[in-house]
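**Student:** Structure for this input, please:
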Amino acid sequence: MRSICIIVVALAACQRRPPPPPADPAPGASLPAPKVPREGDAFSPSLAALEGPARPETLQTFASCARCHAAIVQEWKESAHSLASLTNPLYQRSFSDFVQARGEEKTRFCAGCHDPALLFDPGAKLATDPTQPGAHVGIGCAVCHGAVAARPAGNGAYTLTTSEIPLPKGDPASLDAHLARVANTTLRTNTLCISCHRGALTPAMGHAVALLGLDEWGPWRRSVYAGNQTRRMDEEGGERKGCTDCHMPMVAGHRSHRFAGGHTTLAGMIHSPGQLAATRAMLEGAASVDVFPLPALPKGVTPPAGAALAFDVVIFNERVGHNFPGGAKDLRDTWLEVKLEDAAGRVLAASGVAHETTGREPYAYVLHTRVANEAGVAQAEHEVAHFRTPVYDHTIAPRDAAVVRYAVSLPPAAHGPFTVAVRLRHRRLTSSSFEAGCQVFRSDTGQAYARRLRQLKGLSLDGCAPQPLIDVASARVALESQGPAPALGVGAWRRAYRYGLGLLHARQEDLDEARLAFGQALLALGDGGPARLRAMALEGLAEVAALQSRRDEALKLLAEAGRLVPDAPSLSYGAGEAHLAAWRFAEAALAFETAAAQQDDDRSWRHLATALGSIGRPRDSLLAAQRGLALEGRDALLLRNQLLAYRKLAAPQEWVSQASRALQTYERDVEAPHVRDRCAQNDPVCRVERTPLAVRWLGSYPPPQNTRVSSASR
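**Tutor:** Residues are numbered from 1 along each chain as shown. Predicted structure coming up:
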């Protein structure tokens, strides 16, 4: 590939007619072998592997570790890792449904990450049997400390050794032998975490199509926390943070083994103040909220009666290195509570208040992903075997924002000034999934697991204990005193800029609102404002222009930003997107080649492969596609570009067949739009949530008693 000069030169070159591409070598000459996903071996559909013979007793022990590491083992006992297996009634409910739908063999997909002590025990069964010792271990000490290799493919893509763990005897040699066995280099990598905190449902598990689901690695790898600013610049200084930096902070001289994240529910079930405190520290301030009044009701919106107000709530992912909330996003229950108060402090209307007690308030804004089965019916209790496609995703990427639009019909006697009070509230599970887990806990099997847990780990688990509730963020904004046009300074710039980020997710015809917000951010800084912040606002304006197919304007704005911050990968990437939107493939290839050289990112390689293939350079397209597949091995567009290049280059038929099978497995689901349409036709809540920037009307306050909707609506 051709090397490219600095970004300003590259952007200028993008506006000239590029030279003709060089001719590719002869078809079939020295091509690389196909990159296709590995989908498991002996323990398929889990990607887990075992090095050496199985030794179940190695994976089942933790008592010997506690002799020297008592505090660490106690932290681990109360963690979600310790409670990952069938002792956990929430997991047991989903596991049992999967067994019934797919059979025991397919549940190895689950066991690789939840039940390795069962998976690697030849005498154990993957079944709800409380008498099996391995069913109570979860992710034990010997799993993480026995991993000798790991891949970021997810689905348990690690290799585990169960060789004997030599214990220290008080001399340096035995201590060195112990550390060599339990503290290998794999332990200290993000890849080990990602080998399980990433997942994909595939035909190997009985699904009709592949569905990429749980994924903490992709958003993190594309974020500033991984040193990546390909998509857009960030005001952060670029301090890199990996999995352990956030989830295993230093406590009393060691890395915390509570692995705290957002799992408030398990902390409540085992009545652990320490685990709940660690979880609270992770959640409070993880996101922020802000409020912007609208000068008028959106076009086409008519109030039910009388005067009305409208305003936007902005949620910004402040410091979560993956999507917020993360994990199994269909189970999450993080929502907005919004109240409108009059001059006397009386609450006139609200949204999300009833959700605290019912968990099923219609049109309360919930940050989660809704997944439907083939019939378009939402799967409210994590029925993984029946997943077909996500209907919508309200979670927020790292350092990104979401905008939620509200309107309220004012009572005749209402007097301003009016104030909006907002809280972003979190509990781990949707009410329907929590209730299902409670039923499992009350069953004979659930009680048997709970008794065994007390015996083995000294934990008293109550699967029906109320879920702890944590307020992530709050804000109070007087509608008359603060509008979308802020004053001056960095604080005002930040508010307007983040508002613009959220508005970028609106429909194309509404993008002028984002343009206005980014313009106000630029004005807030003035000509003498920090160069990087001004460049970020210009970059936002350029993204709007590109989305509205105004290529020349986008390139001009990016060039101006490049004079402020030279060599930023996001400027090359933005230029590529502007060219690509106008079908200017040669210019797009030049820009994406620059971006890829500056930052190894699957998005740049994906677009570069497409552009190169479109201008008759299949060999270069193949190389770009395979660079992207090294990062995202299941990406459908990268797999398609690889296959198309092989066909044009007369690659060996065996390679063409391998590439074709991989694409067929991970091709985009052509039925997905129809599934979403069925959901919208049968469920009004689904229809509203699919609409970008839908207007939500605040309801009466206090809310009606026992406000509930069907579980299919949430």
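**Student:** Please name every helix or strand in contact with the helix or strand containing Ala645.
**Tutor:** Using DSSP states H and E, Ala645 maps to helix 636-648. On a contact count with 3 or more C-beta pairs under 8 Å, 6 or more residues apart in numbering; DSSP states H and E, helix 636-648 meets helix 602-614, helix 618-629, helix 653-666. In short, each C-beta sits where N, CA and C put it, glycine included.
**Student:** mean confidence score for the longest one?
**Tutor:** Here helix 653-666 scores 96 as its mean pLDDT.
**Student:** still on that earlier bit, could you dump the helices and strands packed on helix 636-648 into JSON lines with distance to Pro203 added?
**Tutor:** Listed next are these as JSON lines, based on distance: least, C-beta to C-beta, whole Å:
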{"stretch": "helix 602-614", "distance to Pro203": "23"}
{"stretch": "helix 618-629", "distance to Pro203": "19"}
{"stretch": "helix 653-666", "distance to Pro203": "6"}
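**Student:** right, and those - which one's nearest Thr230?
**Tutor:** helix 602-614 (6.1 Å; C-beta to C-beta).
**Student:** that older thread, between the helices and strands packed on helix 636-648, which one is nearest to Ala150?
**Tutor:** Per C-beta to C-beta, nearest to Ala150 of the helices and strands packed on helix 636-648: helix 618-629, 18.3 Å.
**Student:** so what does the closest one touch, helix or strand wise?
**Tutor:** helix 602-614, helix 636-648.
**Student:** Return the most buried member of these.
**Tutor:** helix 602-614 (a mean of 25; mean count of other C-beta atoms under 10 Å).
**Student:** That one packs against which elements?
**Tutor:** Going by 3+ C-beta pairs under 8 Å, 6+ apart, helix 602-614 lies up against helix 569-581, helix 585-598, helix 618-629, helix 636-648.
**Student:** So for stretch 528-547, what gets flagged as buried?
**Tutor:** For stretch 528-547, the neighbour count (16 or more other C-beta atoms under 10 Å) marks 529, 533-547 as buried.
**Student:** Relative to its centre, which residue of the protein is most distant?
**Tutor:** Asp171 (46.0 Å; C-alpha atoms, centre = their mean).
**Student:** how close does it sit to Ser82?
**Tutor:** Counting by C-beta to C-beta, to the nearest Å, the gap from Asp171 to Ser82 is 32 Å.
**Student:** same check, this time on Val384
**Tutor:** Distance from Val384 to Ser82, by C-beta to C-beta: 22 Å.
**Student:** Enumerate every residue touching Leu504.
**Tutor:** Residues counted as contacts of Leu504 (C-beta atoms under 8 Å, 6 or more residues apart in numbering) are 511, 514, 540, 543-544, 547.
**Student:** could you pull out the helices for the stretch 301-450 of the chain?
**Tutor:** 355-358, 431-442, 444-457 (DSSP state H, counting those that start in this stretch).
**Student:** could those go into JSON lines alongside mean neighbour count, mean pLDDT and distance to Ala624?
**Tutor:** Shown next, in JSON lines, are the helices of the stretch 301-450 of the chain (neighbours: other C-beta atoms under 10 Å; pLDDT from 0 to 100; distance: least, C-beta to C-beta, whole Å):
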{"stretch": "helix 355-358", "mean neighbour count": "18", "mean pLDDT": "94", "distance to Ala624": "46"}
{"stretch": "helix 431-442", "mean neighbour count": "20", "mean pLDDT": "96", "distance to Ala624": "42"}
{"stretch": "helix 444-457", "mean neighbour count": "16", "mean pLDDT": "96", "distance to Ala624": "50"}
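**Student:** among those helices, which is nearest His136?
**Tutor:** helix 444-457 (5.2 Å).
**Student:** distance between the closest one and the chain's centre?
**Tutor:** Remark: helix 444-457 is offset 33 Å from the chain centroid, using C-alpha atoms, centre = their mean, to the nearest Å.
**Student:** Extract the CA atoms of that helix and return them as PDB.
**Tutor:** Only the C-alpha atoms of helix 444-457 are listed here, as PDB (Å, rounded to 0.1, in the frame of the first residue of the first chain):
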ATOM      1  CA  ASP A 444     -36.500 -27.600  45.400                       C
ATOM      2  CA  THR A 445     -33.400 -27.500  43.200                       C
ATOM      3  CA  GLY A 446     -32.800 -23.800  43.900                       C
ATOM      4  CA  GLN A 447     -32.900 -24.500  47.700                       C
ATOM      5  CA  ALA A 448     -30.600 -27.400  47.300                       C
ATOM      6  CA  TYR A 449     -28.000 -25.200  45.500                       C
ATOM      7  CA  ALA A 450     -28.400 -22.600  48.200                       C
ATOM      8  CA  ARG A 451     -27.700 -25.100  51.000                       C
ATOM      9  CA  ARG A 452     -24.600 -26.400  49.300                       C
ATOM     10  CA  LEU A 453     -23.400 -22.800  48.700                       C
ATOM     11  CA  ARG A 454     -23.500 -22.200  52.500                       C
ATOM     12  CA  GLN A 455     -21.600 -25.400  53.100                       C
ATOM     13  CA  LEU A 456     -18.800 -24.700  50.600                       C
ATOM     14  CA  LYS A 457     -18.400 -20.900  50.600                       C
END
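**Student:** The nearest residue to Ala286 once chain neighbours are set aside: neighbour count?
**Tutor:** Excluding its sequence neighbours, the residue lying closest to Ala286 (C-beta to C-beta, 6 or more residues apart in numbering) is Val320, at 5.2 Å. For Val320, the number of neighbouring residues by other C-beta atoms under 10 Å comes to 26.
**Student:** List the neighbours of stretch 440-458 that are in contact with it.
**Tutor:** Contacts of stretch 440-458 (C-beta under 8 Å, 6+ apart): 77, 82, 86-87, 89-90, 92-93, 96, 128, 130, 135-136, 459-464.
**Student:** for the helices and strands packed on helix 602-614, which one sits closest to Pro362?
**Tutor:** Closest among those, using C-beta to C-beta: helix 636-648, at 34.6 Å.
**Student:** pLDDT on the closest one, on average?
**Tutor:** Mean predicted confidence for helix 636-648 is 98.
**Student:** cool, stretch 221-232 as well?
**Tutor:** pLDDT averaged over stretch 221-232 gives 95.
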